[in-house]
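1. sequence first, predicted model second:
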Amino acid sequence: MLKFCCTHPPALELLLNAYDRVPPPDTWVEAVPPELWEEHREFYTSAVRMAGQPRRLQHLARCALRRHLGARCHTAVPALSLPPALRRYVQLPLEGIIC
């Protein structure tokens, strides 16, 4: 699946955010055209750098909360009594970087 999504950085970011460790790039990195890599260098570099590394604890906590909320996630998170910055973080916005 990563190989099919690697030419669309937002889709790849969404997929990589589902993992507790970023998968090795050897399955998808060769499918990224050089001009696309240049255009999104920061994103692709961050994804390769994080390969095999555990995600940050706050990312894992965010994923656990989203998993707990399940299908209600998109309606439940805005209703949570959280500061706006934390609410936005829990909503898992695309950031164009993997960290």
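-> Ah, there it is.

2. ok, now which ones touch residue 10?
-> Contact partners of residue 10, counting by CB atoms under 8 Å, 6 or more residues apart in numbering, are residue 94. C-beta: built from backbone N, CA, C; applies to glycine.

3. pull the residues that contact the host helix or strand of residue 88.
-> If you go by DSSP states H and E, residue 88 is part of helix 84-90. For helix 84-90, the external contacting residues (CB under 8 Å, 6+ apart) are 58, 62, 65, 66, 77, 78, 80, 82.

4. ok, of those residues, which come out buried?
-> Buried by 16 or more other CB atoms under 10 Å: 62, 66, 77, out of these.

5. narrow those to those in helices?
-> Within these, residues falling in helices by DSSP state H are 62, 66, 77.

6. which of these sits closest to residue 91?
-> Ranking those by separation from residue 91, with CB to CB as the measure, puts residue 77 on top at 5.5 Å.

7. what's the weakest-modelled helix or strand in this structure?
-> Least confident element among the helices and strands of the chain, by mean pLDDT, DSSP states H and E: helix 2-5 (a mean of 90).

8. keeping just the C-alphas, turn that one into PDB.
-> Presented in PDB, the C-alpha positions along helix 2-5 are these (Å, rounded to 0.1, in the frame of the first residue of the first chain):
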ATOM      1  CA  LEU A   2       2.900   2.400   0.800                       C
ATOM      2  CA  LYS A   3       4.200   1.900  -2.700                       C
ATOM      3  CA  PHE A   4       0.900   2.900  -4.200                       C
ATOM      4  CA  CYS A   5       0.600   6.000  -2.000                       C
END
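
9. next SSE downstream of it?
-> Later in the chain than helix 2-5, the nearest helix or strand by DSSP H and E is helix 9-16.

10. can you give me the buried ones in stretch 82-94?
-> Those buried within stretch 82-94 under the rule 16+ other CB under 10 Å are 89, 90, 92.
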